[in-house]
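Trainee: Starting from these lines, generate the structure:
(chains A and B)
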Amino acid sequence: MTRASVVGADMTTFGVHESTLSELFAEAALGAYDDAGVGPDEIDALYFGNAMGGQTENDTHLAPAVASQVGLAGVPCQRYEDACATSANAFKNAVEAVEAGIHDTVLVGGVERCTPETGLGTGEMTRIFASASDRHYEQPTGLTFPGVFALLTKRHMHEHGTTEEQLAHVAVKNHANGTRNPNAHFGKETTVEEVLDSPIVADPFHLMDCCPFSDGASAVIVTSDDRADSFDDPVDVSGVGHATDVVPLSAKPVPHATQAARDAAAQAYEQAGTSADEMAFAEVHDCFTGAEVMASEAIGFFEDGEGGPAAAEGRSSMDGDRPINPSGGLKAKGHPIGATGTAQIVELAEQLRGDTGERQIDGAEKAVAHNLGGDAATTVVSVMEVRG
Amino acid sequence: MSLTHDDWTTALENGDLLGVRCSDCGATYGTPFAVCNDCGGRDLETTELPEEGEIYTETTVQVPPTGFEGPYQVGTVQLDGARVTARLEGDVEIGDRVVFDGAIDESGDIAPVFRAE
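Mentor: Numbers count the residues shown, from 1 in each chain, chains lettered A, B, ... in the order given. Sure thing, here's the model as predicted:
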């Protein structure tokens, strides 16, 4: 069943940007306006995501600021913060609002700057990212975010035999996909050897297993099912699942199962009356290569323990049977925290319209996006499909 | 109110590692909660966690945040039914036996330390 429709979508390049958060968001938002053929007078609300502007740029109460930049002063504006799942949660709430008839057409998106353009170096950004781990029972150990996902991945390797080479294949695949995405932070291919020879950040992760620090913004226009046909190119949202797992990590019964993703995916597929087998591709939250392996199992693309071998065998490549991250994913496209969730929705919308050029998944009718936050304790899974 | 963060910290400073045990379902946790996440019970008794356990998972952080000097090893330790996240000493691997060995406060906040048995 159609819950809402995406009728406009755009994103900035992900990489290094000198512009302010509001200017950067405006670039994506105006692109989404133009794609939908709307102006601000047709937008009834803003659902906005930014995770860390207060910490990185001393910039909070951003929803009115970015709204004013794009002509939306006056409409209700709300800002979401759920670590890396920030703008997927904004999207979920926007879909619910138009479905419930609270608003007709809304702007949804996110922005973040994480590069040294903020004036912050690697140590300081690593500290700020670590603020999404438990303040009292994890941060004092010196645990970092590569460390959090290293803990999950090493247990996955222990349980299932997943190897560093299999993880490297995820990076190789996503870098190859990124070369076909003009918005991607990284535009060059890599090899398993290059990944395994790169410096270790937190074992088993080498530098090339990790997504970059990126700046960027993304935005979509969401409208109700009733109004969708008045736009040129609507793409339907048929399911949005959202689940939360216990924190800290030590309290999770099986941390590498990423249970919130399993629960959110089950909700999304049920709402849409579909299953993983009907998805033409997935965009998943590959902040680290191990995160993609775990996500690929949690959303039902592969059996538990098969995510690593599947990546190595090319099953998740563009020409494989279960393509994952045709955009290049966080690994190659980049990861401006608050912009990542809606950037996945942009990729789904453009793929399902058949507009992605040489990275197009031919004949894609349905696709799924998986966006997690923190130690995967927040996960939002969205199913979109060609409007019937 | 059952075990607070302040209680947990004070105990750790004194060389005691505390957790909570649900009186209703018996679930144990290595950190305080107001409500049991297994059964919803509110009667969470403070319990002394075992001082010997097994590495559940671990990593060595090579790129530390500001305020820390790397590299160092961090992991979660299985202590009967509960786990705790701790600093690790002795280049341990998953499945290795470790013992509680006090605490560090490198960042100004305290964290437990386990070392190879």
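Trainee: okay, CA-based contacts and neighbour counts for the rest of this
Mentor: OK.
Trainee: what about the spatially most central residue of chain B, helix or strand, and which?
Mentor: Chain B has B:Val84 as the residue nearest its centroid, 2.8 Å off, counting by CA atoms, centre = their mean. Taking DSSP states H and E as the definition, B:Val84 sits inside strand B:82-89.
Trainee: what sits opposite the one residue in the stretch 151-300 of chain A that gets nearest to chain B in the beta ladder?
Mentor: Nearest residue of the stretch 151-300 of chain A to chain B (CA to the nearest CA) works out as A:Ala202 at 4.6 Å. With DSSP bridges applied, A:Ala202 shows beta-bridge pairing to A:Phe205, B:Val61.
Trainee: so where do the strands sit in chain B?
Mentor: If DSSP state E is used as the criterion, the strands of chain B fall at B:18-22, B:28-29, B:44-48, B:52-61, B:72-79, B:82-89, B:97-104, B:111-116.
Trainee: Please convert those to JSON lines, extending it with distance to A:Pro253 and mean pLDDT.
Mentor: Output for the strands of chain B, formatted as JSON lines (distance: least, CA to CA, whole Å; pLDDT from 0 to 100):
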{"stretch": "strand B:18-22", "distance to A:Pro253": "15", "mean pLDDT": "97"}
{"stretch": "strand B:28-29", "distance to A:Pro253": "11", "mean pLDDT": "97"}
{"stretch": "strand B:44-48", "distance to A:Pro253": "18", "mean pLDDT": "97"}
{"stretch": "strand B:52-61", "distance to A:Pro253": "11", "mean pLDDT": "98"}
{"stretch": "strand B:72-79", "distance to A:Pro253": "11", "mean pLDDT": "98"}
{"stretch": "strand B:82-89", "distance to A:Pro253": "9", "mean pLDDT": "98"}
{"stretch": "strand B:97-104", "distance to A:Pro253": "20", "mean pLDDT": "98"}
{"stretch": "strand B:111-116", "distance to A:Pro253": "21", "mean pLDDT": "98"}
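Trainee: Quick one: closest of the ones you listed to A:Val192.
Mentor: strand B:52-61 (21.3 Å; CA to CA).
Trainee: Break chain B down into its domains, please.
Mentor: B:1-49, B:50-117 (automatic domain parsing).
Trainee: Could you look over those and pick the most buried one?
Mentor: Of all the domains of chain B, domain B:50-117 carries the top mean neighbour count, a mean of 20, counting by mean count of other CA atoms under 10 Å in any protein chain shown.
Trainee: So what sits opposite residue 84 in the bridge?
Mentor: Going with chain A. With DSSP bridges as the rule, A:Cys84 is bridged to A:Asp82.
Trainee: Please refer instead to chain B.
Mentor: Beta-bridge partners, per DSSP bridges, of B:Val84: B:Val77.
Trainee: now it: how far from B:Ala34?
Mentor: 17 Å (CA to CA, to the nearest Å).
Trainee: How about A:Asp209?
Mentor: Using CA to CA, we find A:Asp209 at a distance of 37 Å from B:Ala34.
Trainee: What is the neighbour count of A:Ser230?
Mentor: Look at A:Ser230: counted by other CA atoms under 10 Å in any protein chain shown, it has 9 neighbours.
Trainee: whoops, I mixed them up, A:Gly363
Mentor: Count around A:Gly363 with other CA under 10 Å applied: 12.
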